[in-house]
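>>> Model the structure of this input:
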Amino acid sequence: MPSLQLVKIFRSSWQRYRVWMVIAIATGLGGWAGWQWVQSQQESQGSQNLVDNPLNSSVPLPTNLPLPLGSTESPNGARDANSLPSPPVPQMTAPQFRIEQTFSGVGNSINSLALSPDNTNLITVSDYSKAVTWDLSQICEDKECQTPQKVLPMYSLWVYDVAISNSGNLAVGGSWNVVKVWDLVNGSIIRNIQVHFGSVYKVLLGAKTNTLVTGSSDQTVKIWDLDTGKLKQTLTGHNAPVQALAMSTDEKLLASGATNGGIKVWNLEQNCFPENCKESLLTLSGHEKQVNALGISPDNQYLVSGSADQTVKIWNLQTGELIHDIAAHSGSVLAIALSPDGQFFASGSTDQTIKLWEVSTGAFLGNLSSHSDAVHSLAFSKDGKLLISGGNDRRINVWRRSS
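Have a look, this model is predicted:
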């Protein structure tokens, strides 16, 4: 009896084994067939690519095609696409900077900053109603200060930009459809100017006059009399939000940049009021993404633009010609600041770096790394000895030029 049971168990196991063998063989055959089909499709596609792609065919290329940027052509007409242009050689000695002081403790990212003409005071603005002033003459332990000199009243959730008057006594801040004017002596608001139908992304103050310039998400640029708060001109040439502005030192030209990558140069001496000014002197195109920052050289010859497309472009301000197109950063370019002597400029980016560039050649001069997040703001002192940087890491670094 036990032997009969063993026979039944053996037969049952053998039947199960045969079933699994059949399944395994079928699976293997199916996988092999599938692999063969894939190989045949790849070969078919590959042969099609050889026909569609002239670079893989034996048909000679036309000899009259334009050379790619940076490639060369030998005397016999052969092309060398691997020969890249050499980077421009700077004509100036690269400036050297070191961190002299750091300010922190504001609790939010630094959206914008402005330095007083006498280099003694710094004002910074950030999100959640933070507008504060710092005493640059203050010496703090370990060179890091965490207590601002004053906290300015804001009464607004977002603060996008700030500027200080040439006297150093007044400051303006752009927020939601309002520009606030502060008295920096006593730290009070002296005027609220209802300026736009959208957020005020950028504010400028004239160095020679009492002119206030504002750029907004309502796609307009407006010119104001700061003393009276009265509107002088409205520039309506953009069809996208305006978030970058720069004014020439003689206050005759204004550059504005928009989120669609467009740049316009305006003649501030035209008088269109009370009508809107629609015709700009120049319209510059070339950026593929929004223009975040603009700067004009002190001699009013160059315009520098920084964009979310990671490039910095140097233009002839008088003709609109693109002089240098620089692949500057590995992230969006958020800030541009030109040195007072006009020889070089600094660019700040979401890649956490500050880079220095020569204006005339577009040559790279150096890299300043200290921030642990995006660099939003840059400003030079009037004597060129200080460079101030602020970013998302909530830190304001004071760089002193050593050479």
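>>> So, low pLDDT: which residues of the stretch 101-250 of the chain?
For the stretch 101-250 of the chain, the stretches with pLDDT under 70 are 107, 129, 155-156.
>>> Next, count neighbours for residue 216.
Residues near residue 216, counting by other C-beta atoms under 10 Å, number 24. In this view, the C-beta of every residue, glycine as well, is placed from N, C-alpha and C.
>>> give me the element the closest residue to it other than its chain neighbours is part of.
Spatial nearest neighbour of residue 216, excluding adjacent residues (C-beta to C-beta, 6 or more residues apart in numbering): residue 196 at 3.8 Å. Using DSSP states H and E, the element containing residue 196 is strand 188-205.
>>> Dump that strand to PDB, restricted to CA.
Coordinates of the C-alpha atoms in strand 188-205 are reproduced here as PDB (Å, rounded to 0.1, in the frame of the first residue of the first chain):
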ATOM      1  CA  SER A 188       8.600 106.900   8.100                       C
ATOM      2  CA  ILE A 189       6.400 106.700   5.000                       C
ATOM      3  CA  ILE A 190       5.900 110.200   3.600                       C
ATOM      4  CA  ARG A 191       3.900 109.200   0.400                       C
ATOM      5  CA  ASN A 192       2.100 106.400  -1.200                       C
ATOM      6  CA  ILE A 193       1.800 106.700  -5.000                       C
ATOM      7  CA  GLN A 194      -0.900 104.600  -6.700                       C
ATOM      8  CA  VAL A 195       1.000 104.000  -9.800                       C
ATOM      9  CA  HIS A 196      -0.200 100.900 -11.700                       C
ATOM     10  CA  PHE A 197      -3.000  98.400 -12.200                       C
ATOM     11  CA  GLY A 198      -0.600  95.600 -11.300                       C
ATOM     12  CA  SER A 199       2.500  94.700  -9.300                       C
ATOM     13  CA  VAL A 200       5.400  97.200  -9.400                       C
ATOM     14  CA  TYR A 201       8.300  95.000 -10.300                       C
ATOM     15  CA  LYS A 202      11.000  97.700 -10.800                       C
ATOM     16  CA  VAL A 203      11.700 101.300  -9.500                       C
ATOM     17  CA  LEU A 204      14.400 103.800 -10.500                       C
ATOM     18  CA  LEU A 205      15.300 107.200  -9.200                       C
END
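>>> Packing partners of that strand?
strand 161-164, strand 170-174, strand 176-183, strand 211-216, strand 221-225, strand 242-247 (3 or more C-beta pairs under 8 Å, 6 or more residues apart in numbering; DSSP states H and E).
>>> Quick one: closest of these to residue 200.
Taking C-beta to C-beta, strand 170-174 is the member of these nearest to residue 200, at 3.4 Å.
>>> and the closest one, what does it pack onto?
Counting by 3+ C-beta pairs under 8 Å, 6+ apart, strand 170-174 packs on strand 161-164, strand 176-183, strand 188-205.
>>> Direction included, what does that strand pair up with?
strand 161-164 (antiparallel), strand 176-183 (antiparallel) (DSSP bridges).
>>> Please work out which of the ones you listed is packed deepest.
Ranked by mean neighbour count, the strands paired with strand 170-174 are led by strand 161-164 with a mean of 23 (mean count of other C-beta atoms under 10 Å).
>>> and the helix or strand hosting residue 378, how far from the chain's centre?
Residue 378 is located in strand 375-380, with elements delineated by DSSP H and E. Centroid separation between strand 375-380 and its chain, computed with C-alpha atoms, centre = their mean, to the nearest Å, is 11 Å.
>>> what's it packed up against?
Counting by 3+ C-beta pairs under 8 Å, 6+ apart, strand 375-380 packs on strand 110-115, strand 333-338, strand 344-349, strand 353-358, strand 386-391.
>>> Any chance of JSON lines for those strands, columns distance to residue 121 and mean neighbour count?
Listed next are the helices and strands packed on strand 375-380 as JSON lines, based on distance: least, C-beta to C-beta, whole Å; neighbours: other C-beta atoms under 10 Å:
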{"stretch": "strand 110-115", "distance to residue 121": "8", "mean neighbour count": "24"}
{"stretch": "strand 333-338", "distance to residue 121": "18", "mean neighbour count": "24"}
{"stretch": "strand 344-349", "distance to residue 121": "21", "mean neighbour count": "26"}
{"stretch": "strand 353-358", "distance to residue 121": "22", "mean neighbour count": "22"}
{"stretch": "strand 386-391", "distance to residue 121": "11", "mean neighbour count": "25"}
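>>> can you tell which of those is closest to residue 140?
Closest among the helices and strands packed on strand 375-380, using C-beta to C-beta: strand 386-391, at 15.8 Å.
>>> who touches the closest one?
Contact with strand 386-391 is made by 97, 100, 109-110, 112-113, 115, 119, 122, 124, 136, 335, 337, 346, 348, 352, 354, 368, 370-371, 373-381, 396-401, as judged by C-beta atoms under 8 Å, 6 or more residues apart in numbering.
>>> And for stretch 149-160?
Counting by C-beta under 8 Å, 6+ apart, 111-112, 121, 123, 125-135, 138, 171, 173-176, 178, 180, 182, 184, 187-189, 199-202 sit against stretch 149-160.
>>> that older thread, what I need now is the strands paired with strand 170-174 written out in CSV, including distance to residue 281 for each item.
Shown next, in CSV, are those (distance: least, C-beta to C-beta, whole Å):
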stretch, distance to residue 281
strand 161-164, 23
strand 176-183, 25
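>>> Nearest to residue 300 among those would be which one?
Of the strands paired with strand 170-174, the one closest to residue 300 (C-beta to C-beta) turns out to be strand 161-164, at 19.2 Å.
>>> Please name the residues that touch residue 88.
So residue 88 contacts 324, 358, 361, 362, 363 (C-beta under 8 Å, 6+ apart).
>>> For residue 403, see how far away the second one is.
Which is residue 358. 15 Å (C-beta to C-beta, to the nearest Å).
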